[in-house]
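Asks: Based on what follows, work out the 3D shape:
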Amino acid sequence: MLEQQLVNALSLGCVYALFALGFTLVFGVLGVVNLSHGAVFMVGAYAAERAVVLLHMPLWGALLFAFLFCGLIGLVIDVLVLRPLRARNAPHLIPMIATIGVAIILNNGTQGLFGAENRRFPASLVPEESLSLGGLHLTALDLGIMLLSFAMMAVLLLTLKKTQLGRALRAIAESPKAAYLLGINVEGLFYLTSFVAAGLGGIAGVLIGLYSNALFPLMGQPMLHKGIAVIILGGMGDIRGALLAGLFLGFAEVLSVAYIGSSMRDAVGFGLLFLILLLRPKGLFGTVHERKV
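Replies: Here you go, the predicted model:
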């Protein structure tokens with residue numbers, strides 16, 4: 001049924017958009033493509049699962065725990081990896097290579113601790129109640145994913161557009177040196193950005209783990225590929241574009257599975273992205289400009 005497939009696509013697209021928001025936030029403010037973001041996404045799912053099983057946390061508590069835990073990992077990555085490279089004014093390729101190394105460490109460490117087999121959240125974690133509207137069937141998980149994702153996206157957008165913090169972040173994105181001369185705590189906001197972006201990735205990991213009912217150490221790798229595609233399609237560093245492109249990819253995948261076949265899911269989704277970028281190489285909201293140091 002088309003209406004039900006659209007609901008499923010919206011749920012999946014919201015998770016993609018949430019993951020991509022953290023990804024594009026780091027690129028927009030720090031000017032870095034953080035290729036460890038997929039591994040942080042995976043760690044968030046495992047952290048929440050351990051919080052539920054060992055600490056008997058409810059779902060909201062596990063989500064908060066994943067956000068804070070992954071946020072701290074993002075902060076550590078910034079302090080130990082990205083800050084020294086910033087201080088040396090390293091070329092853009094160097095942080096990408098460094099974060100690949102961080103991703104390998106996180107993936108291998110998780111596999112060493114928990115093994116390579118799939119894990120699952122307890123079945124009782126998400127309520128089984130559902131809502132039927134006409135021909136639509138909305139589970140509690142679908143509603144929760146959509147409401148949480150849109151709420152966090154709205155908070156992030158309003159913060160960036162309407163607050164002093166958002167103006168400071170936009171100033172840094174334009175020119176960190178000029179922002180420093182204006183009295184903005186550039187390094188502190190770099191840390192805050194890394195914390196929030198990693199936290200968003202962790203929450204996305206929990207949601208996709210619940211949605212797919214499977215956790216495994218390499219679950220972040222395909223999500224990383226999709227995150228890169230989403231931020232390119234949306235326009236590098238643009239929050240609105242990440243939101244729309246994430247939803248687009250979710251719809252493309254779900255509808256291709258429903259009407260073509262699961263084996264063609266990625267081919268259809270990435271094929272459509274490729275076609276759109278042929279027509280609009282800068283992405284949906286991208287602009288060509290050079291970031292000033």
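Asks: Which parts of the stretch 151-293 of the chain are helices?
Replies: Listed from the start of the chain, the stretch 151-293 of the chain has helices (DSSP state H, counting those that start in this stretch) covering 164-174, 176-181, 186-212, 220-234, 239-259, 265-279.
Asks: got the ones you listed as CSV, with mean pLDDT columns?
Replies: Putting those into CSV (pLDDT from 0 to 100) gives the following:
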stretch, mean pLDDT
helix 164-174, 90
helix 176-181, 90
helix 186-212, 94
helix 220-234, 85
helix 239-259, 84
helix 265-279, 78
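Asks: after the helix or strand harbouring Q4 comes which helix or strand?
Replies: According to DSSP states H and E, Q4 maps onto helix 2-30. Remark: after helix 2-30, the chain's next helix or strand is helix 37-55, criterion DSSP H and E.
Asks: Packing partners of that following helix?
Replies: Applying 3 or more C-beta pairs under 8 Å, 6 or more residues apart in numbering; DSSP states H and E, we find helix 37-55 packed against helix 2-30, helix 59-77, helix 93-114, helix 186-212, helix 220-234. Every C-beta, even on glycine, is put in place using the N, C-alpha and C of the backbone.
Asks: how far off helix 2-30 does that helix point, in degrees?
Replies: Angle, helix 37-55 to helix 2-30, by axes from the mean of the first three to the mean of the last three C-alpha atoms, to 10 degrees: 110 degrees.
Asks: quick one, the helix holding Q4 and helix 239-259 angle?
Replies: Going by the same axes, to 10 degrees, helix 2-30 makes 150 degrees with helix 239-259.
Asks: Check which residues of helix 2-30 are buried.
Replies: Neighbour counts using 16 or more other C-beta atoms under 10 Å place 6-30 of helix 2-30 among the buried residues.
Asks: ditto for stretch 85-102
Replies: Buried residues in stretch 85-102 (16+ other C-beta under 10 Å): 85-86, 95, 98-99, 102.
Asks: For those, which two are the farthest from each other?
Replies: Using C-beta to C-beta, the two most remote members of these are R86 and V102, lying 15.4 Å apart.
Asks: average model confidence for stretch 44-63?
Replies: The pLDDT scores in stretch 44-63 average 94.
Asks: End to end on it, go ahead and measure it.
Replies: 8 Å (C-alpha to C-alpha, to the nearest Å).
Asks: Give me the contact list for it.
Replies: Contacts to stretch 44-63, defined as C-beta atoms under 8 Å, 6 or more residues apart in numbering, come from residues 65-67, 69-70, 110, 114, 119-122, 125-126, 144, 148, 201-206, 208-209, 215, 219.
Asks: For PyMOL, write a command that selects the buried ones of those residues.
Replies: Buried members of the contacts of stretch 44-63, defined by 16+ other C-beta under 10 Å, are picked up in PyMOL with:
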select buried, resi 65+66+67+69+70+110+119+121+125+144+148+201+202+203+204+205+206+208+209+215+219
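Asks: out of the helices and strands packed on helix 37-55, which comes closest to L157?
Replies: helix 2-30 (9.2 Å).
Asks: For that closest one, enumerate the helices and strands it packs against.
Replies: Counting contacts by 3+ C-beta pairs under 8 Å, 6+ apart, helix 2-30 packs against helix 37-55, strand 136-139, helix 140-162, helix 164-174, helix 186-212, helix 220-234, helix 239-259.
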